[in-house]
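**Student:** 3D, please:
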Amino acid sequence: MYLRSMKDAISTRKGLLALSPLVVFMLLYLFLSLAADDFYAVPLTVAFLAASLFSLFIIRGETVSRRFSHLAEGAASPGVMQMLWIFILAGAFAATAKQMGAIDATIQLALTAVPPGFVLSSLFIAACFISLSTGTSVGTIAALAPIASNMASQTGSNMAMMVAIVVGGAYFGDNLSFISDTTIVASQTQGCEMKDKFRANIWIALPAAIICMALYACLPDVTVEPEQLGDVCYPAIIPYLYIIVAALAGMNVMLVLASATVFAGLIGIVSGALTPFGWLRAMNDGIMGMSELIIVTLLAAGLMQVIRRAGGIDWLMQLFNKREGSRRKAELSMATMVVLTDFCTANNTIAILSVGPLAKQLAKRYDIEPKRAASILDTFSCMAQGILPYGAQMLIASGFAAVNPLDIIPHLYYPYILGAVALMNICLPQPLLKEGRKL
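**Tutor:** Below is the predicted model of the structure:
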């Protein structure tokens, strides 16, 4: 039994009060964003700060100092500190790789490999490859959306569809890359290794990508001569390949990121793309670029600790027990919660960060492996973010192509297929489950 006895049961009033800071965050962020007609007008840091301050009033019978200590305990937990170190190292590596030309080289390689008569599938593969290497859906879309737009203009193809191909491929890497924010947060909140989460996730993302490529191959293709590209600097791509191989080989993720940063910096210096001091500045820029995510992580972790202290997590688990939950229902609950949270925040990393603690409790209660829970959170958050007309990625894509985001959404085949494959993975019988586990 999750609750040791009926006298431990938490009342509905107390449970709702414990969860009220999350409601304050959602309402503050959602309503003000709708009022401003801009989901990026309200800084996440301010919304989480307001919810954190409100949370101090839901705990009774303790001094103000003691209430603040709960926020500090959550923010200073070992898991959160490890996550912050990964953010810092990932920022340093990403900025170093960009400065030494790794992103440009990766884009050139992907576009050079595109056969002129096989544009649709090749453009999708290029977006998948670049996003998997760089770990950023925004960067992938910013790099490829103008190219997709030019291709559509040259051939008279559907502009919205060409841009949608890039947006879909961008989420393939966002869901799988070892340096993606969503991968880091999903793995850390569930307490699993990123390589294990990758191995669980690839069986969902790869089939979805293959189905999507087959679909593009069946559509009437377009023929376009790619713009003249410079020579590909193959050494600049090595750091990205090193990260994938080292992480899958089982090397500690922080050691992988630290060594990859040194590796990329040395290649940049030897090739003349970086100076020693330019390398230091690049690392500083990358670390500072993670500052908002670091602050939000600290605030969210502190907030969840107060909610846990007030009984919010226990109350939710109590509800699952009353409804005779099952493994499958728990996994569907994880997926539903992260999707709804992403719709409210328009940020899949924050959605995973917010839902992560409850998902971890559900995983323990229903014997769900941490890597599978992390995969569910990451996959469904990327699916939700991929179809949001007011998400940053969609707004960037529509801006480059000068089309309405609502025109792009019907052509987003990959996010829809990814969601369908993920649902099938949850709902269909799992032959690999250990004996005795019930769905």
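**Student:** for residue 158, give its distance to residue 151.
**Tutor:** 11 Å (C-beta to C-beta, to the nearest Å). Backbone N, C-alpha and C define where each C-beta goes, glycine included.
**Student:** residue nearest the centroid of the protein?
**Tutor:** residue 182 (2.5 Å; C-alpha atoms, centre = their mean).
**Student:** wait, doesn't that residue sit right on residue 379?
**Tutor:** No - contact criterion C-beta atoms under 8 Å: residue 182 and residue 379 do not qualify, at 9.3 Å.
**Student:** with only the CA atoms kept, save the helix or strand of the chain with the lowest mean pLDDT in CSV.
**Tutor:** Lowest on mean pLDDT, DSSP states H and E among the helices and strands of the chain sits helix 312-322, with a mean of 72. What follows is helix 312-322 as a C-alpha-only set of coordinates in CSV (Å, rounded to 0.1, in the frame of the first residue of the first chain):
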residue,chain,number,x,y,z
GLY,A,312,0.4,17.4,-2.9
ILE,A,313,2.3,14.4,-4.4
ASP,A,314,0.9,12.0,-1.8
TRP,A,315,-2.6,13.2,-2.5
LEU,A,316,-2.2,12.6,-6.2
MET,A,317,-0.9,9.1,-5.6
GLN,A,318,-3.8,8.6,-3.2
LEU,A,319,-6.2,9.4,-6.1
PHE,A,320,-4.5,6.9,-8.3
ASN,A,321,-4.8,4.2,-5.7
LYS,A,322,-8.6,4.9,-5.2
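**Student:** what do residue 182 and residue 379 both touch?
**Tutor:** residue 175 (C-beta atoms under 8 Å, 6 or more residues apart in numbering).
**Student:** related to what we said a few turns ago, can you tell me how far the residue nearest to the centre of the chain sits from residue 273?
**Tutor:** Taking C-beta to C-beta, one finds residue 182 at 29 Å from residue 273.
**Student:** next: residue 290.
**Tutor:** 23 Å.
**Student:** buried stuff in the least confident helix or strand of the chain?
**Tutor:** For helix 312-322, a neighbour-count test (16 or more other C-beta atoms under 10 Å) marks 312, 313, 314, 315, 316, 317, 318, 320 as buried.
**Student:** want to throw these into JSON lines with distance to residue 246?
**Tutor:** As requested, the buried residues of helix 312-322 are exported to JSON lines (distance: C-beta to C-beta, whole Å):
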{"residue": "312", "distance to residue 246": "39"}
{"residue": "313", "distance to residue 246": "35"}
{"residue": "314", "distance to residue 246": "40"}
{"residue": "315", "distance to residue 246": "42"}
{"residue": "316", "distance to residue 246": "38"}
{"residue": "317", "distance to residue 246": "38"}
{"residue": "318", "distance to residue 246": "43"}
{"residue": "320", "distance to residue 246": "39"}
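**Student:** picking up where we left off before, give the contact list for the residue nearest to the centre of the chain.
**Tutor:** Residues in contact with residue 182 (C-beta under 8 Å, 6+ apart) are 174, 175, 348, 349, 352, 378, 381, 382.
**Student:** neighbour-wise, which of these leads?
**Tutor:** residue 175 (35 neighbours; other C-beta atoms under 10 Å).
**Student:** surely that one meets residue 379?
**Tutor:** Yes - under the criterion of C-beta under 8 Å, residue 175 makes contact with residue 379 at 6.0 Å.
**Student:** from residue 71, how far off is residue 234?
**Tutor:** Taking C-beta to C-beta, one finds residue 234 at 49 Å from residue 71.
**Student:** of the two, who's got more company?
**Tutor:** Using other C-beta under 10 Å, the more surrounded residue of residue 234 and residue 71 is residue 71, with 22 against 10.
**Student:** quick one: that one and residue 51 touch, right?
**Tutor:** No - at 11.0 Å, residue 71 does not count as touching residue 51 under the criterion of C-beta under 8 Å.
**Student:** overlap of the contact sets of these two?
**Tutor:** Common neighbours of residue 71 and residue 51 (criterion: C-beta under 8 Å, 6+ apart): residue 303.
**Student:** for residue 407, give its distance to residue 153.
**Tutor:** 16 Å.
**Student:** these two: which has the busier surroundings?
**Tutor:** Between residue 407 and residue 153, counted using other C-beta under 10 Å, residue 407 has the larger neighbour count: 17 against 13.
**Student:** can you show me the helices along the stretch 51-200 of the chain?
**Tutor:** Shown for the stretch 51-200 of the chain, the helices assigned by DSSP state H, counting those that start in this stretch span residues 64-75, 78-99, 102-112, 119-134, 137-155, 159-176, 181-190, 194-218.
**Student:** can you tell me what sits against the helix or strand hosting residue 266?
**Tutor:** Counting by DSSP states H and E, the element that carries residue 266 is helix 253-271. For helix 253-271, contacts defined as C-beta under 8 Å, 6+ apart pick out 82, 85-86, 89-90, 92-93, 96-97, 99-102, 178-179, 193-194, 233, 235-236, 238-239, 242-243, 246-247, 274-276, 279, 283.
**Student:** with stretch 129-136 instead?
**Tutor:** For stretch 129-136, using C-beta under 8 Å, 6+ apart, the contacting residues are 90, 94, 97, 102-103, 106-107, 110, 137, 139-140, 143-144, 169-174, 176-181, 183, 237, 240, 244.
**Student:** report the buried members of those.
**Tutor:** 90, 94, 97, 102-103, 106-107, 110, 137, 139-140, 143-144, 169-174, 176-181, 183, 237, 240, 244.
**Student:** quick one: low-confidence ranges for the stretch 151-300 of the chain?
**Tutor:** For the stretch 151-300 of the chain, applying pLDDT under 70 flags the ranges 154-155, 221-230.
**Student:** try 50
**Tutor:** 228 (pLDDT under 50).
**Student:** re the thing from before, helices or strands up against the least confident helix or strand of the chain?
**Tutor:** Secondary-structure packing of helix 312-322 (3 or more C-beta pairs under 8 Å, 6 or more residues apart in numbering; DSSP states H and E): helix 12-36, helix 327-345, helix 348-365.
**Student:** buried deepest among the ones you listed, which one?
**Tutor:** Counting by mean count of other C-beta atoms under 10 Å, helix 348-365 has the highest mean neighbour count of these, with a mean of 24.
**Student:** what's the next secondary structure element after that one?
**Tutor:** helix 370-386.
**Student:** which residues does the helix or strand following that following helix contact?
**Tutor:** Next in sequence after helix 370-386, counting helices and strands by DSSP H and E, comes helix 392-401. Outside helix 392-401, the residues that touch it by C-beta under 8 Å, 6+ apart are 40, 137-138, 141-142, 145-146, 148-149, 152, 159-160, 162-164, 166-167, 170, 346-347, 385-386, 388, 404-405, 407-409.
**Student:** next SSE downstream of helix 392-401?
**Tutor:** helix 405-408.
**Student:** ok now that next one, how far from the chain's centre?
**Tutor:** The chain centroid and the centroid of helix 405-408 are separated by 22 Å under C-alpha atoms, centre = their mean, to the nearest Å.
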